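Q: Following is a predicted model, sequence given first.
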Amino acid sequence: MPRQTINPYNNEVLKTFDDATDQEIDAAITTADKLYYEMKHQTIQDRAKTLHMIAQGIRDHSQELAEIATREMGKLIGESKGEVELCAIIADYFADHAEEFLQPTTIESQVHGEAKVYKHATGVILAVEPWNFPYYQIMRVFAPNFMVGNPMILRDAANIPWSAQAFADIVLEAGAPKGALTNVFMSYDQVADVIADPRIQGVALTGSERGGSSVAEEAGKNLKKSTLELGGQDVFVVLDDANMEDVNNIAWRARLYNAGQVCTSSKRFIVMDNVYDEFLENLKKNFAAVKPGDPMDPATTLAPMNTKKAKEKLQNKWMKPWLLVQWWRMAMNPMTCLDSSSCQQF
């Protein structure tokens, strides 16, 4: 089924992308695998130069990339611009420091003398990435792997095909060799086949526990290394010695940044009794002041959710009567926590 870019603000279909065939996926792996053997003979200084060029290419296309991300998954245009710049910073950082990071580590032993651990490339890496940070989630995997010499195959979330392809195109345009980063529109079944391919040496996933479980199963079955970054339930703790001016300015943002669609968004607040009333009053005031609207408009402060399906799922969840009752009881009678005389949770 072709992938679509749908603007979550107005549900307009902006672009359509065809899924990759098995033959196209095999060709992408073949190109990446060939590049791996070529990169083994390349100096780290050459790769650093290329990665700096990629950072500059991202900055040169920063407005274009930001607008694509906002139109495709709905985040505020200011947040998209910040994410694009962060990607350039990450690229520059690894270009500047990878040589130092990859120096051999000496291990001393009183019995066996001295040993060294050398860090080197392993082969083609598959990255399965989410939609909430269309560019950052790619760069954080790509930059270190590129510097060590591992080409990368990207399987991005189905609702951000435009962002994924635009990022991969800019990396190539900036001077990366073909195969260094290849975006492939593949199905879940094809992901399993790619993990099983002997030319793939590892898989990195950021996403849900369900997705992580599936990828870990395939990686384990095929004895492939894997890294999994899954969901979070971060808590925002306010102690009685906190600077409340900072707390009141940060707390609402910690919940609503990227429309709250971040694993590190504060899902719960635990607040000491003696600052609880002030905290709650300011949190309600700040929440009430947000301005929903078109995320391309700089005046908008609350973005839409990333898809119509996500919005409806949330609405259906909170419209269930028993959940509304639970929410009302929690709001009227906050739970005591930690020490019943010192804090409340809501």
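A: Cool, the structure landed.
Q: Give me the next element, helix or strand, following the helix or strand that contains residue 137.
A: Secondary structure assignment for residue 137, by DSSP states H and E: helix 136-148. Counting by DSSP H and E, the element after helix 136-148 in chain order, helix or strand, is strand 152-155.
Q: Could you list the low-confidence segments of the protein?
A: Low-confidence segments of the chain, defined by pLDDT under 70: 1, 318-346.
Q: so what's the most centrally placed residue in it closest to, chain neighbours aside?
A: Central residue of the chain (Cα atoms, centre = their mean): residue 137, 3.5 Å from the mean position. The shortest distance from residue 137 to any non-neighbouring residue, by Cβ to Cβ, 6 or more residues apart in numbering, is to residue 129 (4.3 Å). Any C-beta I mention is one placed from the backbone N, CA and C, and that applies to glycine too.
Q: dump the residue contacts of that neighbour.
A: 137-138, 141, 154-157, 164, 205-207 (Cβ atoms under 8 Å, 6 or more residues apart in numbering).
Q: closest to residue 53 among the residues you listed?
A: residue 138 (16.7 Å; Cβ to Cβ).
Q: if I read this right, that closest one contacts residue 154, doesn't it?
A: Yes. At 6.3 Å, residue 138 counts as touching residue 154 under the criterion of Cβ atoms under 8 Å.
Q: overlap in contacts of the two?
A: 127, 129, 164, 181.
Q: what's the offset of the host helix or strand of the third one from the middle of its chain?
A: In this case it means residue 164. Using DSSP H and E, residue 164 falls within helix 161-173. Remark: helix 161-173 is offset 16 Å from the chain centroid, using Cα atoms, centre = their mean, to the nearest Å.
Q: now stretch 199-219
A: Between the centre of stretch 199-219 and the centre of its chain there are 15 Å (Cα atoms, centre = their mean).
Q: how far does that stretch stretch from start to finish?
A: End-to-end distance for stretch 199-219: 13 Å, by Cα to Cα, to the nearest Å.
Q: Then stretch 55-67?
A: 18 Å.
Q: From the contacts of residue 129, pick the one nearest residue 93.
A: Nearest to residue 93 among those is residue 141, at 14.1 Å by Cβ to Cβ.
Q: so who does that closest one touch?
A: Contacts of residue 141 by Cβ under 8 Å, 6+ apart are 125, 127, 129, 152, 204.
Q: So of those, which two are at opposite extremes in space?
A: 125 and 129 (11.8 Å).
Q: just to revisit the earlier point, among the shared contacts of residue 138 and residue 154, which lie within strands?
A: 127, 181 (DSSP state E).
Q: Most widely separated two among the shared contacts of residue 138 and residue 154?
A: Those two in those that are separated most widely, counting by Cβ to Cβ, are 129 and 181, at 11.6 Å.
Q: can you list residues touching both of those two?
A: 138, 154.
Q: give me the number of residues near the nearest residue to residue 172 once chain neighbours are set aside?
A: Of all residues not flanking residue 172 in the chain, residue 178 sits nearest, at 6.6 Å (Cβ to Cβ, 6+ apart). By other Cβ atoms under 10 Å, 13 other residues sit near residue 178.
Q: And residue 178, how close does it get to residue 91?
A: From residue 178 over to residue 91 the distance is 18 Å, taken as Cβ to Cβ, to the nearest Å.
Q: any idea how far the longest helix along the chain is from the chain center?
A: Ranked by residue count, the top helix of the chain under DSSP state H comes out as helix 77-101. Offset of helix 77-101 from its chain centre (Cα atoms, centre = their mean): 13 Å.
Q: next structured bit after it?
A: Assignment by DSSP H and E places the next element after helix 77-101 at strand 105-109.
Q: Name the surrounding residues that touch that following strand.
A: 114-117, 119.
Q: Could you work out the most separated pair of these?
A: Counting by Cβ to Cβ, the most remote pair of these is 114 and 119, 17.3 Å apart.
Q: Okay, strands next: where are they in this protein?
A: Under DSSP E, the chain gives strands at 3-7, 12-17, 105-109, 113-117, 124-128, 152-155, 181-183, 200-206, 225-229, 235-238, 268-272, 335-336, 343-345.
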